[in-house]
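S.K.: need the 3D shape of this:
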Amino acid sequence: MKNRSIIFGAIAAFVVVSLSFSAQAAEKKKVMGTDKQGPVISRTVVPPGPGDDPKHEVVALQIRRDTTTSPDPDINGTEVIAYDQSNSVAGTGTHRGYFVRHYKNGDIDYGTYEGTHKTTFKEDGSFLEATWEGTWKVIGGTGKFKNIKGGGPYRGKATAEGASSDWEGEVEY
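M.R.: Below you'll find the predicted structure:
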C-alpha cells in the first residue's frame, strides 16, 4: 500500500512538472506579413432604405480569399479566408470580421479584426484609393496552433492596381 502511494505521488509530481514545462514551453514570437487581397467569393449588400443617404452602404457579408507573403516560412504562402462586414457612407466607415488562415501542413488558425476605412475620390468623382487600419486578434486553431493567442495592428491600401494589407504582431502558442 505504501509503495502504491509513493508511485502515485511520483506520477502526480511528474504530471505537474510536465504541465509546468509545457506551459513554459509556449512559443512567443513576433509575426508579420502582407495579405494580397484576392478574389471576392461572395458579397451581400443591404440597399439603403427610404430617406437614407444614397451613399450609405452596409455590406452584410463579403467573403474573400487572400494570399500572404511573410518572412516567416510557416506563414509565407498561406491562404486566408476573410469574412467581412462594413458600414460606410461614401466609402468611409467601419469594418469588422473573422478570418481563417490555412497553413501548408493542414493546420489553421482563426480570429477577428476590426477597424476603419476611408475612400478617396478624384476631382471627377472617380475612385482614387481606399485605405484602412485596425487591429487583429488570433483566438484559436488546430494542431501546432491549437492554443494560439495574440494580435496586433494592420494597415492597407487599395488602388486600381490591387489591394493589400500589411500586418504585424505577437503570438503565443
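S.K.: shaky segments in this structure?
M.R.: 1-25 (pLDDT under 70).
S.K.: which residue ranges of it form strands?
M.R.: In the chain, the strands defined using DSSP state E lie at 28-36, 40-46, 56-69, 79-89, 92-102, 108-121, 127-141, 149-159, 162-172.
S.K.: now these as JSON lines including mean neighbour count?
M.R.: In this view, the C-beta of every residue, glycine as well, is placed from N, C-alpha and C. Shown next, in JSON lines, are these (neighbours: other C-beta atoms under 10 Å):
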{"stretch": "strand 28-36", "mean neighbour count": "15"}
{"stretch": "strand 40-46", "mean neighbour count": "11"}
{"stretch": "strand 56-69", "mean neighbour count": "16"}
{"stretch": "strand 79-89", "mean neighbour count": "18"}
{"stretch": "strand 92-102", "mean neighbour count": "17"}
{"stretch": "strand 108-121", "mean neighbour count": "17"}
{"stretch": "strand 127-141", "mean neighbour count": "16"}
{"stretch": "strand 149-159", "mean neighbour count": "16"}
{"stretch": "strand 162-172", "mean neighbour count": "17"}
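S.K.: ok, now which ones touch N76?
M.R.: G33, T68, T69, S70 (C-beta atoms under 8 Å, 6 or more residues apart in numbering).
S.K.: quick one: the third one and Y103, what's the gap?
M.R.: Applying C-beta to C-beta, to the nearest Å, the value for T69 to Y103 is 15 Å.
S.K.: check the last one too.
M.R.: Plainly put, S70 is 12 Å away from Y103 if you go by C-beta to C-beta.
S.K.: please enumerate the shared neighbours of the two.
M.R.: T78.
S.K.: E57: what's it in contact with?
M.R.: V45, P48, S86, N87, S88, V89, G91.
S.K.: for the fourth one, name its beta-bridge partners.
M.R.: Beta-bridge partners recorded for N87 (DSSP bridges): V58, T94.
S.K.: can I assume it is in contact with R96?
M.R.: No - under the criterion of C-beta atoms under 8 Å, N87 makes no contact with R96, lying 9.2 Å away.
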